[in-house]
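1. missing the sequence, but the structure's below:
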């Protein structure tokens, strides 16, 4: 009975975390209302500022909710960082290879033209690169790892159910809202591949900071490359 109660509590907590993350975009209406920002004529730079604002709020909410686990994991990660990163990098590279291959098939062979989410991100990087390093390079990876790794692993104890659910939900979160055609939905695969590799790294080390670190490295490298080649 006690185990069932704990399981139910974790599921409710997981649903709550997913809802907070999904509806976090509405936090942007706080500064919009306070400063009378015109949404219709809003610049790309302002979009980055508002995105960062909501990311900061979510960051603190998640930190407060999981502060005990995060403190415990951070101490463990710092003590075993070389071992954990060595394990994590191996799975990250596998995820990158799958991302590259599936993106190549979608963009070159199927001529999908790239994920719409990626196009939005590139526009935001061009408008405010420094803030995007903070938002997409640091805050977003932390928030997403809490939602799509930490929360899911707490709910799904089975290794493969956890990894598959992470694949689907992480991939879907980056694609569904911006998809316009059937082919657009196929970009769930490359995004999901990264999510699955990070989930596997987390599962193997049992430390959320393994996947958080790799996710931050992944995003920051891509942002820096984007800045350098534009």
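-> Nice, I can see it. Worth saying up front: this structure is predicted, and the values here are computed from it rather than measured.

2. need the contact list for the most centrally placed residue in the chain.
-> The structure's the chain has its C-alpha centroid closest to residue 144; by C-alpha atoms, centre = their mean the separation is 3.3 Å. Listed by C-beta atoms under 8 Å, 6 or more residues apart in numbering, the contact set of residue 144 reads 21, 170, 173, 215. For every residue, glycine as well, the C-beta is placed using N, CA and C.

3. quick check: which element contains it?
-> Element membership for residue 144, per DSSP states H and E: helix 140-145.

4. beyond that helix, next helix or strand please.
-> helix 152-155.

5. for that next one, buried residues please.
-> Using 16 or more other C-beta atoms under 10 Å as the test for burial, helix 152-155 gives 152-155.

6. ok, now stretch 20-29?
-> Neighbour counts over stretch 20-29 (16+ other C-beta under 10 Å) mark 20-21, 24, 27-28 as buried.

7. contacts for the top helix by length along the chain?
-> Assignment by DSSP state H gives helix 81-104 as the longest helix of the chain. The contact list for helix 81-104, computed with C-beta under 8 Å, 6+ apart, reads 77, 187, 189-191, 193-194, 196-198, 200-201, 204-205, 207, 209-211, 213-214, 218.

8. one more pass at 7 Å, please.
-> Helix 81-104 is contacted from outside by 77, 189-190, 193-194, 196-198, 200-201, 204-205, 207, 210-211, 213-214, 218, using C-beta atoms under 7 Å, 6 or more residues apart in numbering.
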